[in-house]
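Student: just need the structure, nothing else, for what follows:
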Amino acid sequence: MRLISLVLSMCLPAVATPERERGIPQDEPTRLTLDLVAKPKKGSPTLRVKGKANLPDGTVLRAVLSRLEERWLGSRLLPEPLEGERRRALVEGKAVAFQFAAEEPGRYRVRVELRDDDQEPGVLPALKSVHTRKWEVEFVAWEDDYAAALGRRLAEVDDLVEEALKILDGFSSATASRETWESRKSALDKSAEELLKKAERAGARAALGASVTEILLAVRNLKGNASFFQFGEDGKFAGAVDYRTKKPAKTARREDWSFQALRKDLQGVREVSGREFSAAVVAEARRSGKVDALGSALRDHAAHAGVAPFAERLRRLPEGADALEREVRTP
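Tutor: Have a look, this model is predicted:
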């Protein structure tokens with residue numbers, strides 16, 4: 001297992017105190033390293049980190065685990081930290097360890113903080129000169145089998161998009177007249193609800209969460225705004241109008257509602273999913289130092305929107321990983 005470590009340091013003056021209260025010599029930096037020692041997997045939903053800290057024994061450190069979930073913000077792919085469990089641990093023999101509940105493999109961030117109000121009075125004198133009190137490290141917490149499934153997850157998102165577009169076409173054709181809509185709306189609502197449940201349970205939701213979220217937003221918007229469908233006296237479709245505001249309903253992107261606007265949003269998911277897949281490939285290269293675990297996925301999806309511009313550089317990873325990730329995330 002490849003360990004990922006973070007070291008943050010700061011030189012501090014010496015403090016002449018008893019053993020328990022002894023500070024850090026001037027020529028020795030304050031240091032905290034954290035290594036990932038257990039990753040969440042089926043049957044063992046736990047993430048564990050161990051570290052070394054040249055802080056006095058008995059020092060209390062508090063830590064919070066966040067899962068990094070990708071979000072598409074219209075033009076950028078950004079990791080959003082979803083805060084999970086909080087833990088406290090004692091430094092003993094210059095070692096510290098934290099264990100967190102974590103249901104899914106993925107990317108995680110551990111933030112560690114040293115606070116005076118957590119400490120026993122006898123430890124506080126040795127901590128007076130400690131100025132660096134926050135540390136943060138990110139881990140790619142998955143195994144080869146997770147990386148090997150990324151290509152299948154990308155194909156799964158494509159299938160969900162196609163299903164959503166078919167349902168959208170069904171809604172659109174049903175608005176040919178008021179009579180047609182009234183006869184079909186119950187069945188269409190049921191099909192949209194079934195797709196929402198399928199997407200929420202999809203394996204791609206954990207691996208390519210931003211992409212599946214975009215599908216969910218569009219289908220929920222279609223289903224919800226169907227109650228606002230208006231027809232003129234001639235029975236022709238007049239759009240979705242919010243009866244509360246007397247204005248056109250809005251899409252999830254706050255555009256005026258139309259079938260064309262929702263189609264654009266759904267078709268755009270292919271670009272989002274390709275970029276999200278590419279970002280996961282970069283993370284895999286950081287985890288393992290190579291991309292071999294993906295098997296044929298890079299070749300199979302080289303022409304996919306959001307992958308094609310980066311395909312050759314993805315195959316050369318980990319070379320140029322930082323610059324490539326910036327391009328993947330910001331079109």
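
Student: centre of the chain to stretch 315-331, how far?
Tutor: Distance of stretch 315-331 from its chain centroid, counting by Cα atoms, centre = their mean, to the nearest Å, is 17 Å.

Student: can I get that stretch in PDB, CA atoms only?
Tutor: Only the C-alpha atoms of stretch 315-331 are listed here, as PDB (Å, rounded to 0.1, in the frame of the first residue of the first chain):
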ATOM      1  CA  ARG A 315      -2.000   7.700 -20.500                       C
ATOM      2  CA  ARG A 316       1.300   9.300 -19.600                       C
ATOM      3  CA  LEU A 317       0.400  10.000 -16.000                       C
ATOM      4  CA  PRO A 318       1.700  10.600 -13.400                       C
ATOM      5  CA  GLU A 319       3.700  13.000 -15.600                       C
ATOM      6  CA  GLY A 320       2.200  16.500 -15.500                       C
ATOM      7  CA  ALA A 321      -0.600  15.500 -13.100                       C
ATOM      8  CA  ASP A 322      -1.000  18.900 -11.400                       C
ATOM      9  CA  ALA A 323      -1.300  20.900 -14.600                       C
ATOM     10  CA  LEU A 324      -3.500  18.300 -16.200                       C
ATOM     11  CA  GLU A 325      -5.900  18.300 -13.300                       C
ATOM     12  CA  ARG A 326      -6.300  22.100 -13.500                       C
ATOM     13  CA  GLU A 327      -7.200  21.800 -17.100                       C
ATOM     14  CA  VAL A 328      -9.700  19.000 -16.500                       C
ATOM     15  CA  ARG A 329     -11.400  20.900 -13.800                       C
ATOM     16  CA  THR A 330     -11.600  24.300 -15.500                       C
ATOM     17  CA  PRO A 331     -12.600  24.300 -19.200                       C
END
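
Student: could you pull out the helices for the stretch 201-331 of the chain?
Tutor: Ranges of helices in the stretch 201-331 of the chain, per DSSP state H, counting those that start in this stretch, are 204-207, 209-225, 259-267, 269-288, 297-300, 311-315, 321-329.

Student: do the same with the stretch 1-150 of the chain
Tutor: Along the stretch 1-150 of the chain, counting by DSSP H, counting those that start in this stretch, helices occupy 124-127, 144-148, 150-174.

Student: quick one: which of those is nearest Pro81?
Tutor: Pro81 lies closest to helix 144-148 among the helices of the stretch 1-150 of the chain, at 19.8 Å (Cβ to Cβ). All C-beta spots, glycine's among them, are computed from the backbone N, C-alpha and C.

Student: ok, back up a step: can I get the helices of the stretch 1-150 of the chain in TSV with distance to Phe259, mean pLDDT and mean neighbour count?
Tutor: Shown next, in TSV, are the helices of the stretch 1-150 of the chain (distance: least, Cβ to Cβ, whole Å; pLDDT from 0 to 100; neighbours: other Cβ atoms under 10 Å):
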stretch	distance to Phe259	mean pLDDT	mean neighbour count
helix 124-127	62	94	18
helix 144-148	37	96	18
helix 150-174	5	98	19
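
Student: save those as TSV, and put in distance to Glu69 too.
Tutor: Shown next, in TSV, are these (distance: least, Cβ to Cβ, whole Å):
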stretch	distance to Glu69
helix 124-127	35
helix 144-148	15
helix 150-174	15
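
Student: of those helices, which is nearest Val37?
Tutor: Shortest distance between Val37 and the helices of the stretch 1-150 of the chain, using Cβ to Cβ, is found for helix 144-148: 17.4 Å.

Student: from the contact counts, what lies against the closest one?
Tutor: With contacts taken as 3 or more Cβ pairs under 8 Å, 6 or more residues apart in numbering; DSSP states H and E, helix 144-148 sits against helix 269-288.

Student: so how far is the helix it packs on from its chain's centroid?
Tutor: Centre to centre, stretch against its chain (Cα atoms, centre = their mean), the figure for helix 269-288 is 11 Å.

Student: now that helix and helix 321-329, what's the angle there?
Tutor: If you take axes from the mean of the first three to the mean of the last three Cα atoms, to 10 degrees, helix 269-288 sits at 160 degrees to helix 321-329.

Student: now do the contacts for the nearest residue to Leu55 once chain neighbours are set aside.
Tutor: Leaving out its chain neighbours, the residue that sits closest to Leu55 by Cβ to Cβ, 6 or more residues apart in numbering is Val91, at 5.0 Å. Applying Cβ atoms under 8 Å, 6 or more residues apart in numbering to Val91 gives the contacts 53, 55-61.
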